[in-house]
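*Asks:* I'll drop the sequence and a predicted model, then ask my questions.
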Amino acid sequence: MYLCNRVGGQVSDSSFCQPTLNIFEYFRGKTQAAGLFEDRFGRIQRSFVVSVDGTVDEGNLTLDEHFIFDDGKKEHRIWRIQNRAGSYIGFADDIPSQARGKAEGNRFSWRYQMALRAGGIPIKFAFDDKMVLFSGGVMVSRARITKWGLHVGTVTIVFTKED
């Protein structure tokens with residue numbers, strides 16, 4: 001696993017990168033997570049927990065996400081994800097265009113724009129999200145957030161499966 005995750009962010013031999021990540025299988029059922037947002041200077045600005053209920057129906061994955069932030073604020077998002085011959089597309093109400101993803105070995109890469117509220121106004125930010133599955137059902141997601149190509153922050157989430 002160590003060598004797989006040290007190959008400069010590239011998966012050169014996906015058969016070596018175990019366990020294999022199938023997001024439809026991983027997110028089916030209940031998943032719990034905890035995460036944080038760091039600004040561009042690495043300062044933690046916000047933390048949260050999230051419960052995810054995943055269902056697969058007719059080849060589509062639906063993720064029903066419920067967030068609770070450290071300030072008590074709650075958010076809800078529903079992702080609808082389709083697998084199109086190894087490439088993935090996703091939709092959610094606050095995702096103004098298609099999210100596009102690809103799985104390889106124990107990794108999933110996902111790019112999308114999300115409309116986040118700043119001062120009550122929705123502003124689009126670009127997310128470059130990388131997920132890595134580890135043995136024991138732990139998955140780490142790290143999303144680099146940019147606006148006009150400038151790094152504004154990073155979201156890190158650690159997912160665990162419920163029994």
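*Replies:* The structure has been received and is ready for your questions.
*Asks:* Where does the closest residue to Ser135 other than its chain neighbours sit: helix, strand or coil?
*Replies:* Counting by C-beta to C-beta, 6 or more residues apart in numbering, Pro19 is the residue found nearest to Ser135 once chain neighbours are left out, at 6.0 Å. Glycine gets a C-beta too; all of them are placed from N, C-alpha and C. Per DSSP: H, G, I helix; E, B strand; the rest coil, the secondary structure class of Pro19 is coil.
*Asks:* With Arg77 as the reference, measure out to Pro19.
*Replies:* Between Pro19 and Arg77 the computed distance is 26 Å (C-beta to C-beta, to the nearest Å).
*Asks:* Kindly report the same for Lys102.
*Replies:* Separation of Lys102 from Arg77 (C-beta to C-beta): 21 Å.
*Asks:* Would you mind telling me which of those two has the busier surroundings?
*Replies:* It is Arg77, of Lys102 and Arg77, that has more neighbours when counted by other C-beta atoms under 10 Å, with 16 against 12.
*Asks:* mind listing what the helix or strand hosting that one pairs with, with the direction of each?
*Replies:* When elements are assigned from DSSP states H and E, Arg77 belongs to strand 74-84. Its sheet considered, strand 74-84 pairs with strand 60-69 (antiparallel), strand 87-92 (antiparallel) by DSSP bridges.
*Asks:* What mean pLDDT does the shortest one get?
*Replies:* Put plainly, it is strand 87-92. Throughout strand 87-92, pLDDT has a mean value of 94.
*Asks:* What of stretch 18-36?
*Replies:* The average of the pLDDT scores along stretch 18-36 is 94.
*Asks:* For the chain, just list every one of the strands.
*Replies:* Taking DSSP state E as the test, the strands found in the chain are 29-39, 44-57, 60-69, 74-84, 87-92, 95-104, 107-118, 121-133, 139-147, 150-161.
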